[in-house]
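1. could you look at this predicted model? Sequence included:
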Amino acid sequence: MAKKIVARDIKEGHPLDMASSTDMYYANVGNKLLKEALGLHVSWSLSPTELHDVVVKVVLYFEDIICDGGLWRAFVNKHQELYGKPLPFYDVEGEYFADEPHVEDIRLLIWDALSGQNLGEIVHPEEDVIMDLADVFYEVLEAEFENAPINEDMKRYYEEAAFMDDFVQMRYALQWLFANCYITRHEQNEEYFIEYHDSLTKMFQMDEEDNRAIYASTNQVIFKAKIGMLALLPQEWLALLMEANGNSHHAETLRAVEFRDYQVFLLDRYDDQTIRLKSMDDEILSIRKEGYGHFNTDTLKDVEGCVASFVRYKGEWQPNGMTSWGQYGKSFEEGKEKWARYRSGFSEKNFKKIMKKTGGSPLVYLHDGEEVRRFMMDGIGIPKHLMQPSRLDDEKEIVAWVPNCDDGPFFSFGSTSAICDPRNPFYVKDEKGEDSLELIVDPELSEDTMARYLIEHGMVPDASFDDRRGKERGKQLAQENLDFIARSFRRSYY
């Protein structure tokens, strides 16, 4: 049995965990939805936790459109801008109003919830459980619509946007979008955090449970991870939310934000007011001393630099997370050398040779591991004595993605036969369409720019949802929404 919806479920979806007088009302609406869901036998396919999460997501959407908070409006506006229609998958009859409930909205929210609960599983947007739940949920919301109370606290928070006056408060809004907002929270966000946190604790040689490491990771991922069905940075979502509330000047501020991830910085010079640091690509960052609180610059007399992250907000660089000061001069020079090597890729001369051979295509088709080795030596220019054993040695039907000479090639195998390209000797018509769809949603099968290239050049014409009601409908839904599907499943890897 799914858990009853309580006021805390509503409160936890608000910015700053904000409690509002309307929380109990929306919790009661949630329980009405839950009751209707339990009366449908399709709901039995969901676990109690899955059903609970779906209901909370739909209730928070309802609260949002009632107060016209702008979250749903922001999504619809951006989707309209990208694709020329308010929603993916579902056609809306008549004029669409973002401040009114639509059964199509609810279907999409349920689809997103189920896709998030089953990472990697491609859920058909017209599954019975989605369509049937959306129908009964819509009836409840439609009946409540005229009398539902406006959450004035939340509306005021968005409209006044006082948090934009202060970097730390603005950062709290980004943290909410990453972790708790109904339209952007997702299991993939948590996976991204865990992955980044693991790398950061290794960098600083800290325990994973150390609160300082958790604090640092939290403040990094909100400037790095792409979230929500449209795969946007949290600051981009917040900018859209500001625009939806008439705060276009705040949106411009957010779009001007710059982020520098953790790296070694060399101490250039400092005085009582300002600390100047040099990055590994020779960028100079000036940080006001007050950004470090009660920091005593006398402690800098015996240090060479720091490991730190910074964010440029409203024209000023702000420390972002913890900073480690010390004797980093040697580390800086070594890091700078590695940075240069990493960014060097391979020669432009070799890249031009590859492009000439492929007729300008960034896709290089290779039959086996032996051809990969020859390509790396003759095409990329790696000396034979530097070639190491590779996981590709025993693979067949491989494609190398080489869009430029700044980075090394990305190799894909397993779904190469799904690429419909006259140059691809491995292409086989994908009757089910599942391999083609996997190719564009799985970051292990295609790098982000490769997935977009395949979509833009019509190279996955077989991509289709598995549809027992007929292949044509499944193919139509996929082909008309390929880029959206890629965004929604890849998120940070789009």
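-> Perfect, I can see it now.
2. give the residue spans of the stretch 301-450 of the chain that score low on pLDDT.
-> For the stretch 301-450 of the chain, the stretches with pLDDT under 70 are 339-344.
3. quick one, grab the pLDDT at Gln117.
-> Listed pLDDT for Gln117 reads 72.
4. now it, nearest residue through space, not along the chain?
-> Glu50 (5.2 Å; CB to CB, 6 or more residues apart in numbering). Yep, even glycine has a C-beta here, placed from its N, CA and C like the rest.
5. host element of that neighbour?
-> helix 48-67 (DSSP states H and E).
6. what number of residues lie near the nearest residue to Asp421 once chain neighbours are set aside?
-> Of all residues not flanking Asp421 in the chain, Met459 sits nearest, at 5.6 Å (CB to CB, 6+ apart). By other CB atoms under 10 Å, the residues close to Met459 number 21.
7. and if you look at Asp448?
-> Neighbour count for Asp448, taken as other CB under 10 Å: 16.
8. kindly report the same for Glu444.
-> By other CB under 10 Å, the residues close to Glu444 number 10.
9. ditto for Ile110
-> By other CB under 10 Å, neighbour count at Ile110 equals 25.
10. counting neighbours, what do you get for the nearest residue to it once chain neighbours are set aside?
-> Nearest residue to Ile110, sequence neighbours excluded (CB to CB, 6+ apart): Ile130, at 4.8 Å. Neighbours of Ile130 under the rule other CB under 10 Å: 23.
11. what does the one 4 residues further on give?
-> One way to gauge burial is a neighbour count; for Ala134, by other CB under 10 Å, it gives 22.
12. which strand or helix spans it?
-> In this structure, Ala134 sits in helix 128-144 according to DSSP H and E.
13. list the buried ones in that helix?
-> Under the neighbour-count criterion of 16 or more other CB atoms under 10 Å, helix 128-144 has 129-134, 136-138, 140-141, 144 buried.
14. what angle separates that helix from helix 48-67?
-> Here helix 128-144 points in a direction 40 degrees away from that of helix 48-67 (axes from the mean of the first three to the mean of the last three CA atoms, to 10 degrees).
15. and helix 128-144, what does it pack against?
-> helix 23-38, helix 48-67, helix 103-117 (3 or more CB pairs under 8 Å, 6 or more residues apart in numbering; DSSP states H and E).
16. keeping just the C-alphas, turn it into CSV.
-> Output of helix 128-144 as CSV, limited to C-alpha atoms (Å, rounded to 0.1, in the frame of the first residue of the first chain):
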residue,chain,number,x,y,z
ASP,A,128,-1.6,1.9,-20.2
VAL,A,129,-0.4,2.9,-16.7
ILE,A,130,0.4,6.4,-17.9
MET,A,131,-2.8,7.0,-19.9
ASP,A,132,-5.1,5.5,-17.3
LEU,A,133,-3.6,7.2,-14.3
ALA,A,134,-3.5,10.6,-16.2
ASP,A,135,-7.2,10.3,-17.0
VAL,A,136,-8.3,9.8,-13.4
PHE,A,137,-5.8,12.3,-12.0
TYR,A,138,-7.1,14.9,-14.5
GLU,A,139,-10.7,14.4,-13.4
VAL,A,140,-9.7,15.1,-9.8
LEU,A,141,-7.6,18.2,-10.6
GLU,A,142,-10.3,19.6,-12.9
ALA,A,143,-12.9,19.3,-10.1
GLU,A,144,-10.5,21.1,-7.7
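17. average pLDDT for that helix?
-> Predicted confidence along helix 128-144 averages 97 (mean pLDDT).
18. quick one: the helix or strand immediately after that helix in the chain to helix 23-38, angle?
-> Of the helices and strands lying after helix 128-144 in sequence (DSSP H and E), the nearest is helix 152-160. Angle of helix 152-160 versus helix 23-38, following the same axes, to 10 degrees, is 110 degrees.
19. spatially nearest residue to Thr138, not counting backbone neighbours?
-> Let me fix one detail, which is that residue 138 is Tyr and not Thr. Using CB to CB, 6+ apart, the closest residue to Tyr138 is Val103 (4.1 Å).
20. burial measure for the one you found, as a count.
-> What Val103 shows, counting by other CB under 10 Å, is a neighbour count of 18.
21. now name the helix or strand holding Val399.
-> Using DSSP H and E, Val399 falls in strand 396-401.
22. which strands or helices does that strand pack on?
-> strand 363-368, helix 369-374, strand 410-413.
23. list the buried residues in the second one.
-> Judged by neighbour count (16+ other CB under 10 Å), helix 369-374 contains these buried residues: 369, 371-373.
24. list just the nearest of the residues you listed to Gln220.
-> Of all the buried residues of helix 369-374, Gln220 sits closest to Val372, with 34.5 Å by CB to CB.
25. that closest one contacts Ile398, doesn't it?
-> Yes - using CB atoms under 8 Å, Val372 and Ile398 qualify as a contacting pair, with a distance of 6.0 Å.
26. can you list residues touching both of those two?
-> Common contact partners of Val372 and Ile398 (CB atoms under 8 Å, 6 or more residues apart in numbering): 366, 392, 411.
27. contact partners for the residue nearest to the spatial centre of the chain?
-> The residue lying closest to the centre of the chain (CA atoms, centre = their mean) is Lys226, at 2.2 Å. By CB under 8 Å, 6+ apart, the residues touching Lys226 are 232-233, 491-494.
28. now it: phi and psi?
-> Lys226 adopts backbone torsions of phi -90, psi 130, taken as degrees, to the nearest 10.
29. state the distance from it to Ile194.
-> According to CB to CB, to the nearest Å, Lys226 stands 16 Å off from Ile194.
30. and what of His250?
-> 31 Å.
31. more neighbours: which of these two?
-> Remark: of His250 and Ile194, His250 carries more neighbours, 20 against 13, as counted by other CB under 10 Å.
32. doesn't Met242 make contact with the more buried one?
-> Yes - His250 lies in contact with Met242 (CB under 8 Å); the separation is 4.2 Å.
33. where do the contact lists of the two overlap?
-> Jointly contacting His250 and Met242 under the rule CB under 8 Å, 6+ apart are 161, 164.
34. hey, which strand is longest across this protein?
-> Across the chain, the longest stretch assigned as strand under DSSP state E is strand 258-270.
35. chain center to that strand: distance?
-> Centre-to-centre, strand 258-270 and its host chain are 26 Å apart (CA atoms, centre = their mean, to the nearest Å).
36. adjacent strands (with direction) for it?
-> According to DSSP bridges, strand 258-270 has the following sheet partners: strand 274-278 (antiparallel), strand 305-313 (antiparallel).
37. kindly format the C-alpha coordinates of it as CSV.
-> Presented in CSV, the C-alpha positions along strand 258-270 are these (Å, rounded to 0.1, in the frame of the first residue of the first chain):
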residue,chain,number,x,y,z
GLU,A,258,30.6,31.7,-15.1
PHE,A,259,31.9,28.6,-13.3
ARG,A,260,35.4,27.3,-12.7
ASP,A,261,35.6,23.8,-11.3
TYR,A,262,38.2,22.6,-8.8
GLN,A,263,41.7,23.1,-10.0
VAL,A,264,45.1,24.4,-8.7
PHE,A,265,45.4,28.2,-8.8
LEU,A,266,48.7,30.1,-8.3
LEU,A,267,48.7,33.0,-5.9
ASP,A,268,49.6,36.0,-8.0
ARG,A,269,49.3,38.8,-5.4
TYR,A,270,47.1,40.0,-2.6
